[in-house]
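> sequence and predicted structure are below.
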There are 2 protein chains.
Amino acid sequence: MPIAANDPGCAPPRCAACAARDTSVCASFADRELTALHGIGRRRMLKAGQVLIWAGDPAAVCANLVSGVLKVVREDPDGRAQIVGLLFPGDFVGELFVEQARETVVALVDADLCLYSRRALEPVLAAQPGAEGLLLRRALGTLAEARRWMLMLGRRHAPEKVAAFLLDMHRRLGVGDRVDLPMGRGAVGEVLGLTIETVSRQMTALKAAGLIALPGGRQVRLLDRAALARIAG
Amino acid sequence: MPIAANDPGCAPPRCAACAARDTSVCASFADRELTALHGIGRRRMLKAGQVLIWAGDPAAVCANLVSGVLKVVREDPDGRAQIVGLLFPGDFVGELFVEQARETVVALVDADLCLYSRRALEPVLAAQPGAEGLLLRRALGTLAEARRWMLMLGRRHAPEKVAAFLLDMHRRLGVGDRVDLPMGRGAVGEVLGLTIETVSRQMTALKAAGLIALPGGRQVRLLDRAALARIAG
DNA sequence: CGGAGGCTTGATGTAGTTCAATCTCCGTGG
DNA sequence: CCACGGAGATTGAACTACATCAAGCCTCCG
């Protein structure tokens, strides 16, 4: 990794200061080429709850997530919703190479993105050697994660699901033994394929067993991670 | 698409005759470049039930599926299994860029593959412009499919799952109103996150309702696809 | 203080699992 | 040729995990 490639001196200032500069797709771009990407991108803030992409709409935009957490949701004709992905800083947002969005993307907490028109982005990616390779690696990683998730949805019981979810969130967002969940009980249910009541009961059970504490709000303290891991399987 | 690119005259004979020549990743290779790929590939036959890749083993091989159907399985520590993917002719088999296989790959029926060492394949793909882009498109397609599947696993009831599965299989393998399922009831359960008994009961119910017929073995006739689609949602 | 949104708790219902027995279809061998 | 055996499929009965329906309960903010 040559130092010059990421030398802030010649990258567009907004990119040089970007928190996701080295973890997003942009990492495959040297500062020189970054200018092309910069030219077609713009910053966008999302408030918690705001929708970025509606399933069914034309797939017009992609983005790099700079800060915040987004959910990717699939919905039934009859309204049952399943969260099929969570996006964290550095993740790529949106669907390439399709005309119609299949998934709704919503901010779970206030978020910050670097937004691109899909039409403009695709040729830039194709022209930049290595960019599609990088996206391929990411996509394969996301696929592996989705499949792990499928095993959970199809085969595991509520206690295992909740324990696994808490450990997962802690791995991504935890500080010490604490996690501040970026979502309410309802959305946790949408992630795990459970109802809000079942999630709530499982959390209470874990608290009663002394494995977690619920200091209030969306905060969780994982008091016995080993035991949680044992439950998660 | 220039005619010369796929001129059988200068492709390696095995590739020129390959049933998957134009649907697999090979389609991104002109005949000239195909020779490099051909050089590192070898044919392999799999009997129904044979395992190609064991989860946990070093990820040594990838392949193009030429004929047959494979299942991709994830397993719990305690043995519960979930099929997370089905592979059909033209599909890419195996995991790139990882050292350890996360999924077991098994032939559901007799299958025919074009096998590559992963170590040898990766550089060839990187060198061939467009190959990684093609794989990216495929990977994104597979991801979208996995997410559709997640919605099914998390949110749908047994009757909807079975109806949707039958329509899906018919779309891929059907001739007229018939499908010959490439798997038994047990594996259908592993796909849908159900037990073998529940699958069997649902099938009997559909038969009783006159929506399907079960002529025997793994054959199914879809007598009322509109009604099935209505159940599938 | 009051009211709304999200969370918890309880009571009841039910879809799907589990356990177990029987059946069907085929291939094998007497 | 038919009897036997085995694997997969079906069917039944009982159970249980989770959903559903329905109150109540915090807690944050106007």
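Yep, it's here.

> only C-alpha atoms from now on, for both contacts and neighbour counts.
OK.

> how about the residues of chain A near chain B?
Counting by Cα under 8 Å from any Cα of the partner chain, the positions of chain A adjacent to chain B are A:74-78, A:80-84, A:97, A:126, A:132-133, A:135-137, A:139-140, A:142-143, A:146-151, A:153-155, A:192-194, A:233.

> quick check on the residues you listed: which are buried?
By neighbour count, with 16 or more other Cα atoms under 10 Å in any protein chain shown, the residues of chain A next to chain B hold A:74-75, A:81-84, A:132-133, A:135-137, A:139-140, A:142-143, A:146-151, A:153-155, A:192-194 as buried.

> can you map out the helices along chain A?
A:13-16, A:31-40, A:118-127, A:131-155, A:158-173, A:185-192, A:196-208, A:225-232 (DSSP state H).

> possible to save these as a markdown table with distance to B:Phe92?
Formatted as a markdown table, those follow (distance: least, Cα to Cα, whole Å):
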| stretch | distance to B:Phe92 |
| --- | --- |
| helix A:13-16 | 36 |
| helix A:31-40 | 31 |
| helix A:118-127 | 22 |
| helix A:131-155 | 12 |
| helix A:158-173 | 29 |
| helix A:185-192 | 29 |
| helix A:196-208 | 38 |
| helix A:225-232 | 32 |
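
> of those, which approaches B:Ala16 most closely?
For B:Ala16, the closest of the helices of chain A is helix A:131-155, at 27.4 Å, according to Cα to Cα.

> just give the nearest non-adjacent residue to the residue positioned nearest the centre of chain A, would you?
Centroid-nearest residue in chain A: A:Leu87, 0.9 Å away (criterion: Cα atoms, centre = their mean). What sits nearest to A:Leu87 in space, not counting adjacent residues and going by Cα to Cα, 6 or more residues apart in numbering or on different chains, is A:Leu70, at 5.0 Å.

> number of residues surrounding A:Ala60?
Other residues near A:Ala60 number 18, with proximity taken as other Cα atoms under 10 Å in any protein chain shown.

> repeat that for A:Thr195.
Based on other Cα under 10 Å, the number of other residues close to A:Thr195 is 16.

> and the spatially closest residue to it that is not a sequence neighbour, how far is that from B:Gly193?
Nearest non-adjacent residue to A:Thr195, counting by Cα to Cα, 6+ apart: A:Gly189, 5.2 Å away. Separation of A:Gly189 from B:Gly193 (Cα to Cα, to the nearest Å): 18 Å.

> please apply the same query to A:Glu145.
Note on A:Glu145: its distance to B:Gly193, by Cα to Cα, is 18 Å.

> same check, this time on A:Gln202
For A:Gln202, the distance to B:Gly193 - Cα to Cα - is 22 Å.

> cool, and A:Pro159?
For A:Pro159, the distance to B:Gly193 - Cα to Cα - is 17 Å.

> about what we covered before: hang on, isn't the residue nearest to the centre of chain A packed against A:Val66?
No - if you go by Cα atoms under 8 Å, A:Leu87 and A:Val66 don't touch, sitting 10.3 Å apart.

> right, and the helices of chain A - which one's nearest B:Arg225?
Closest among the helices of chain A, once you apply Cα to Cα, is helix A:131-155, at 25.7 Å.

> which residue, other than its chain neighbours, is closest to A:Val106?
In space, A:Val106 is closest to A:Val51, 4.4 Å off (Cα to Cα, 6+ apart).

> now the terminal residues of stretch A:126-134, how far apart.
End to end - Cα to Cα - stretch A:126-134 spans 12 Å.

> next: stretch A:174-193.
23 Å.

> ditto for stretch A:191-202
End-to-end distance for stretch A:191-202, by Cα to Cα: 15 Å.

> distance check, the residue nearest to A:Thr195 against A:Arg138.
From A:Gly189 to A:Arg138 the distance is 26 Å (Cα to Cα).

> now swap in A:Ala30 and tell me
From A:Ala30 to A:Arg138 the distance is 19 Å (Cα to Cα).

> just A:Thr23 next, same as before
In terms of Cα to Cα, A:Thr23 sits 11 Å off from A:Arg138.

> who has more neighbours out of the two?
Legend: neighbour count by other Cα under 10 Å for A:Thr23 and A:Arg138, higher for A:Arg138 (18 against 15).

> so for the more buried one, what pLDDT did the model give?
Predicted confidence (pLDDT) at A:Arg138: the value is 96.

> that older thread, now, which of the buried ones among the residues of chain A next to chain B lie close to DNA strand D?
By Cα under 7 Å from any atom of the strand, the members of those lying near DNA strand D are A:193-194.

> where does the prediction get shaky in chain A?
A:1-10 (pLDDT under 70).

> which ones are touching the residue nearest to A:Gly130 when sequence neighbours are not counted?
Leaving aside its chain neighbours, A:Gly130 sits nearest to A:Ser28 (6.6 Å; criterion: Cα to Cα, 6+ apart). When contacts are counted by Cα atoms under 8 Å, 6 or more residues apart in numbering or on different chains, A:Ser28 touches A:130-131, A:134.

> quick one: which of those is nearest DNA strand C?
A:Leu134 (36.3 Å; Cα to the nearest atom of the strand).

> okay, now the domains of chain A?
A:3-142, A:156-232 (automatic domain parsing).

> wait, does the last one contact DNA strand C?
Yes - Domain A:156-232 comes into contact with DNA strand C when judged by Cα under 7 Å from any atom of the strand, the residues involved being A:183-186, A:196-201, A:203-204, A:214, A:217-218.

> can you flag the buried ones in the residues you listed?
Among the residues of domain A:156-232 next to DNA strand C, those that count as buried by neighbour count (16+ other Cα under 10 Å) are A:183, A:185, A:198-200, A:203.
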